[in-house]
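Participant: Predicted model, plus sequence, below.
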Amino acid sequence: MAFATSALVRSLSTSASRQAAIKHVTVIGGGLMGTGITQVAAQSGHNVTMCDVSDDIVQKGLARIQDSLKRVVKKKYKDDPTAGQKFFDSTMENIRIDTNVERVAASTDLVIEAIIENLDIKQKLFSSLDKVAPQHTIFASNTSSLPIKDIASTCERQDRFGGLHFFNPVPVMKLVEVVRFGATSNETFQSLTDFGQAVGKTTVSCKDTPGFIVNRLLVPYMMEAVRMLERGDASAKDIDVAMKLGAGYPMGPFELTDYVGIDTCKFIMDGWHELDPDQPLFKPSELVNKLVAEGKLGMKSGEGFYSYKK
Ligand SMILES: C[C@H](O)CC(=O)SCCNC(=O)CCNC(=O)[C@H](O)C(C)(C)COP(=O)(O)OP(=O)(O)OC[C@H]1O[C@@H](n2cnc3c(N)ncnc32)[C@H](O)[C@@H]1OP(=O)(O)O
Ligand SMILES: NC(=O)c1ccc[n+]([C@@H]2O[C@H](COP(=O)([O-])OP(=O)(O)OC[C@H]3O[C@@H](n4cnc5c(N)ncnc54)[C@H](O)[C@@H]3O)[C@@H](O)[C@H]2O)c1
C-alpha cells in the first residue's frame, strides 16, 4: 500500500510541477479560436499574451473576449455580481496583447498557434519562433486538420511539439483533443494534457491522423450537407431543421459551417483532398469555393449560407 501511495504522490507532484511550469502562455492568432483560447487560459489563472498581425486585430480580439467573458459572468455569478466583477477583472488582468510574436515567445512556457489553416504559414511561424523561444517552451497547434508532424517539421524541438485542438466556441465547448506524433515526448504529451484539464476541459488523445477524432467524423458530414444542397435535394434551411430535430444537433450543418467559418472548412477539405484525391468525401465543393472567393465566410464576415448583417 505504501509503495502505491508514494507512486501516486510522485505522479501528482510531477503533474503539479508540470502544470506549475506553464505559467505564461502565448496565443498566436486573435480570431475566433485564438480569442477563446486566450479567454479560457486567462480565466484559469494563466498569464496570456495574444498576438496577431495588427494592433487593430488584437484590439478587436480583446473586445470579443470581454463580450464573451460578460456572458460567462452573467451565467456563473448571477447571484453574486461582486464576485462576478472580481472574476472579470482578474481574468482581464491576466491578458496582454501584442503584435511582436518573436519578442513575446522569447519568454513564454507554451505557444498555442491558432492562425489561418495554412501549412506553409504555420511552418514559417513555428520555424521563426523555434529560434527565439526558451529550450523548455512547448509548441502546440490548434489546427483543425493539418498533420502536427508536418507543422512541426521546420522546428528543432520536435519532442516539445503537439496538438491542442479546442472547439468553437472555446468558452463553452468542453473538449480538447491532445494530439501527439512520433517525436512528441511523454513529458510534452502529459504537459499538454495537464494544461487542457487546467483550463477546464475534458481531454481526449488521438494519433496525428487527418481531422483527429471529431473533425474526421464531423467535417465530411458538413460537406455531405453542402453536396445535398448542390444536388438540389433540399434547402439549407430544411437540412438544418432536419438535423436539429431529427438528430438532436444544437446547430444544423449550414449554421455550423457559418459558425466555424466557410474558409476554415474549405482549407480543411483542400488539405485532405491533396492527401487523398480519390476519396469522394474529401472532394472540394464548387459552392464552398464560390462563397469563399466572394468573401462570404459565414458569421465572421456577416454572410455565408445565411446573412448575419444586423
Ligand atoms: C472545425 C473545428 O476544427 C472544430 C470545431 O470547432 S467544430 C464545431 C464545434 N462546435 C459546435 O458543434 C457548436 C454547436 N453549437 C452549440 O453548441 C450551440 O449552438 C452554442 C453553444 C454555439 C450556442 O448555444 P445556444 O444555446 O444555441 O445559444 P446561445 O444562447 O447563443 O448560448 C447559450 C449560452 O451559452 C453561453 N455561450 C454561448 N456562446 C458563448 C460564447 N461565445 N462565450 C461565452 N459564452 C457563450 C452563454 O452563456 C449563452 O447564454 P447567454 O446567451 O445568456 O449569454
Ligand atoms: N473556426 C473554428 O471553428 C475552429 C475550431 C478549431 C480549430 N480551428 C483552427 O484554428 C485556427 C484558427 O482558426 P480561426 O477560426 O480562429 O481563424 P480566424 O480566421 O478567425 O483567425 C485566424 C487569425 O490568424 C491571424 N493570422 C494569420 N496569419 C498570421 C500570422 N502569420 N501571425 C499571426 N497571426 C496570423 C489572422 O489575422 C486571424 O486573426 C485554424 O488552424 C483552424 O483550423 C478553427
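Facilitator: Received the coordinates, thanks. Ligands and ions are numbered 1, 2, ... in the order given.
Participant: ok, the closest residue to ligand 2 within the stretch 1-150 of the chain - contacts?
Facilitator: Residue nearest to ligand 2 within the stretch 1-150 of the chain (Cβ to the nearest ligand atom): residue 31, separated by 2.0 Å. For every residue, glycine as well, the C-beta is placed using N, CA and C. Residue 31 sits next to 52, 57, 61, 114, 115, 300 when contact means Cβ atoms under 8 Å, 6 or more residues apart in numbering.
Participant: Sticking with the closest residue to the first one other than its chain neighbours, tell me its helix or strand.
Facilitator: Translated: residue 52. Distances taken as Cβ to Cβ, 6 or more residues apart in numbering place residue 30 nearest to residue 52, at 3.8 Å, with adjacent residues excluded. For residue 30, there is no host helix or strand (DSSP states H and E).
Participant: List the contacts of residue 30.
Facilitator: When contacts are counted by Cβ under 8 Å, 6+ apart, residue 30 touches 38, 50, 51, 52, 57, 58, 60, 61, 62, 97.
Participant: Can you flag the buried ones in these?
Facilitator: 38, 50, 51, 52, 57, 58, 61, 62, 97 (16 or more other Cβ atoms under 10 Å).
Participant: now the residues you listed in a markdown table, with distance to ligand 2?
Facilitator: Formatted as a markdown table, the buried ones among the contacts of residue 30 follow (distance: Cβ to the nearest ligand atom, whole Å):
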| residue | distance to ligand 2 |
| --- | --- |
| 38 | 11 |
| 50 | 10 |
| 51 | 6 |
| 52 | 5 |
| 57 | 5 |
| 58 | 9 |
| 61 | 7 |
| 62 | 12 |
| 97 | 12 |
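Participant: Can I get these in TSV including secondary structure, distance to residue 151 and pLDDT?
Facilitator: Shown next, in TSV, are these (DSSP: H, G, I helix; E, B strand; the rest coil; distance: Cβ to Cβ, whole Å; pLDDT from 0 to 100):
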residue	secondary structure	distance to residue 151	pLDDT
38	helix	20	98
50	strand	20	98
51	strand	17	98
52	coil	18	98
57	helix	22	98
58	helix	23	98
61	helix	22	98
62	helix	26	98
97	strand	24	98
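Participant: quick one: which two of the residues you listed are the most distant?
Facilitator: The most widely separated members of the buried ones among the contacts of residue 30, counting by Cβ to Cβ, are 38 and 57 (12.7 Å).
Participant: Which single residue of the chain ends up nearest ligand 1?
Facilitator: residue 144 (3.0 Å).
Participant: any idea how far that residue is from residue 247?
Facilitator: According to Cβ to Cβ, to the nearest Å, residue 144 stands 22 Å off from residue 247.
Participant: Of the two, give the one with the bigger neighbour count.
Facilitator: residue 144 (24 against 9; other Cβ atoms under 10 Å).
Participant: The more buried one reaches residue 214, doesn't it?
Facilitator: No. Taking contacts as Cβ atoms under 8 Å, residue 144 lies outside contact range of residue 214: 9.2 Å.
Participant: which neighbours do the two share?
Facilitator: residue 165.
Participant: Let me know whether stretch 188-207 sits next to ligand 1.
Facilitator: No. Applying Cβ under 6 Å from any ligand atom, one finds stretch 188-207 out of contact with ligand 1, separated by at least 12.5 Å.
Participant: circling back to that earlier point, go through the contacts of residue 30 and name the one nearest residue 153.
Facilitator: residue 51 (22.2 Å).
Participant: need the contact list for that closest one.
Facilitator: 26, 27, 28, 29, 30, 58, 97, 98, 99, 100, 101, 104.
Participant: Check residue 226 too.
Facilitator: Under the criterion of Cβ under 8 Å, 6+ apart, the neighbours of residue 226 are 253, 254, 257, 285, 287, 288.
Participant: go with 6 Å
Facilitator: Residues in contact with residue 226, defined by Cβ atoms under 6 Å, 6 or more residues apart in numbering, are 285, 287.
Participant: cool, and the one 10 residues further on?
Facilitator: Neighbour list for residue 236: 229, 254, 305 [criterion: Cβ under 6 Å, 6+ apart].
Participant: starting at the chain centroid, how far to the helix or strand that contains the second one?
Facilitator: It refers to residue 254. Take DSSP H and E as the rule and residue 254 turns out to sit in helix 253-260. Distance of helix 253-260 from the chain centroid (Cα atoms, centre = their mean, to the nearest Å) equals 16 Å.
Participant: What is the next helix or strand after that helix packed up against?
Facilitator: Toward the C-terminal end, the helix or strand that comes next after helix 253-260 (DSSP H and E) is helix 262-275. In terms of contacts (3 or more Cβ pairs under 6 Å, 6 or more residues apart in numbering; DSSP states H and E), helix 262-275 is packed against helix 286-293.
Participant: Now do the helix it packs on against helix 253-260, angle only.
Facilitator: Put simply, helix 286-293 runs at 30 degrees to helix 253-260, going by axes from the mean of the first three to the mean of the last three Cα atoms, to 10 degrees.
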